[in-house]
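[1] for reference, the sequence and a predicted model appear below.
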Amino acid sequence: MMPLVDRPFVAHQIDLLRRHGVSDVVFSCGYRPDALRAHFGDGSAMGVRMRYVVDPEPLGTAGAIRNAEDLLDDAPFLVLNGDILTDLDLAAFAARHHETGASGTVALTPVDDPSAFGLVRLFDDGSVEAFVEKPRPEDLRPGEPYRINAGTYLLDPSVLALIPAGRACSIEREVFPVLAAAGTLHGFPSDAYWRDIGTHVSYLAANHDVLAGALRTESPAGAAYLGDGAVVDESASVDARSCIGAGAAVAAGATVLGSVVGAGTQVGADAILDGAIVGEDVVVGEGAVLGAGVVVGDGARIPAGEVVDPSIPVATGAGAPA
């Protein structure tokens, strides 16, 4: 539910699905499902049917799929990790799945260095040969492509039988190796835009990329984003890589560069935000400096003239009056 430019992040995934003709969406929820329900409801406002299933306890990446079984039909279904921003061609992805007759197909994205990921090796026919978790230099083959799991899958209903009910299960470690050993798991290499937004650095970069039009989205691009009711003083400076949330205000002489400013936040006169992520309803005091790497939680208060240490996130509500 973190905002990404003009909408919650997960709305970008729903947009992607809808553009490719997907009209039935199931949210597999764990943490704070009510926030999703409150915002999306039955999905009609986004042109899809939306339903929700809540894990009674953490069930892992496969267990959560099995827990949603009653809401699935007998057709192949897509699974999208909830923290991946991509404009993957889902039509081509599905066509490959059906052409190969695979039980499961995994989207793969290229990386320069696979050592922090799990390398996925393919046979010549596109089926998965092996998963190499966080490979060391000696594990790599000369000239091989470095491809990793991109967090988007197309699975046949038969895969559900491989997932035990009622307990945590990892699709990457417990299910995919079984399919690969049977020769029924295929990879779909793609050079489509791909980003895991799971860190504050990557989240900020995702905002920059959407604003720059680096991938197809339904969000505005080419200029700074100003939410409804946002006000920027004529003497303030806001660059094209910045997002100013609804009802936020940027005061005289302030500078906002490559930053995200949450809804209702007040940026004081002559303050400088340069590569910062600032939550909702924050007050940034006059002349305060928030540089690259600074993360400020909702409702926090930054004193006038403060130079915020980027190595220590400012907690939600920090400095706010009791």
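    Noted; the coordinates are in hand.

[2] what bridges to V314?
    Counting by DSSP bridges, V314 is bridged to V296.

[3] ok, it touching R301?
    No. Contact criterion CB atoms under 8 Å: V314 and R301 do not qualify, at 9.1 Å. The way it works is simple: take the backbone N, C-alpha and C, and place the C-beta from them, glycine included.

[4] which of the two has more neighbours?
    The residue with more neighbours, out of V314 and R301, is V314; 22 against 18, by other CB atoms under 10 Å.

[5] mind listing what the more buried one touches?
    294-297, 300, 302, 308 (CB atoms under 8 Å, 6 or more residues apart in numbering).

[6] could you report the neighbour count for the spatially closest residue to D191 that is not a sequence neighbour?
    Using CB to CB, 6 or more residues apart in numbering and skipping residues adjacent in sequence, the residue nearest D191 is P110, 6.6 Å away. For P110, the tally of surrounding residues (other CB under 10 Å) stands at 14.

[7] mind naming the longest helix for the chain?
    helix 200-212 (DSSP state H).

[8] now find how far off-centre that helix is within its chain.
    On the basis of CA atoms, centre = their mean, to the nearest Å, helix 200-212 is displaced by 10 Å from the centre of the chain it belongs to.

[9] residue ranges of the strands in the stretch 1-150 of the chain, please?
    With DSSP state E, counting those that start in this stretch as the criterion, the stretch 1-150 of the chain has strands at 3-4, 7-8, 24-29, 49-54, 77-80, 84-86, 104-110, 118-122, 128-133, 147-155.

[10] could you dump the last one to CSV, C-alpha only?
    The C-alpha atoms that make up strand 147-155 are tabulated as CSV, following Å, rounded to 0.1, in the frame of the first residue of the first chain:
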residue,chain,number,x,y,z
ARG,A,147,19.0,-14.8,-14.9
ILE,A,148,17.1,-14.7,-11.7
ASN,A,149,13.5,-15.5,-10.6
ALA,A,150,11.5,-12.4,-11.4
GLY,A,151,8.7,-13.2,-9.0
THR,A,152,5.9,-13.8,-11.6
TYR,A,153,4.6,-17.3,-12.3
LEU,A,154,2.0,-19.1,-14.3
LEU,A,155,0.9,-22.3,-12.7
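
[11] show residues contacting it.
    65, 76-81, 83-84, 86, 88, 90, 93-94, 97, 103-111, 114, 117-120, 122, 131, 171-172, 187, 189-190, 194, 196.

[12] now do the helices in the chain.
    Assigned by DSSP H, the chain shows helices spanning 9-19, 33-40, 60-67, 90-100, 176-181, 200-212.

[13] contacts only, for H39.
    Going by CB under 8 Å, 6+ apart, the list of residues near H39 reads 1, 8.

[14] the chain should start at 11 in everything you say after this.
    Okay, using 11 as the starting number, the last item reads as H49.

[15] what score does it have for pLDDT?
    For H49, the model assigns a pLDDT of 94.

[16] same check on A332?
    For A332, the pLDDT comes out at 58.

[17] in PyMOL, how would I select the buried members of the contacts of strand 157-165?
    Entered in PyMOL, the line below selects the buried ones among those, by 16 or more other CB atoms under 10 Å:
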select buried, resi 75+86+87+88+89+90+93+94+96+98+100+103+104+107+113+114+115+116+117+118+119+124+127+128+129+130+132+141+181+182+197+199+200+204+206
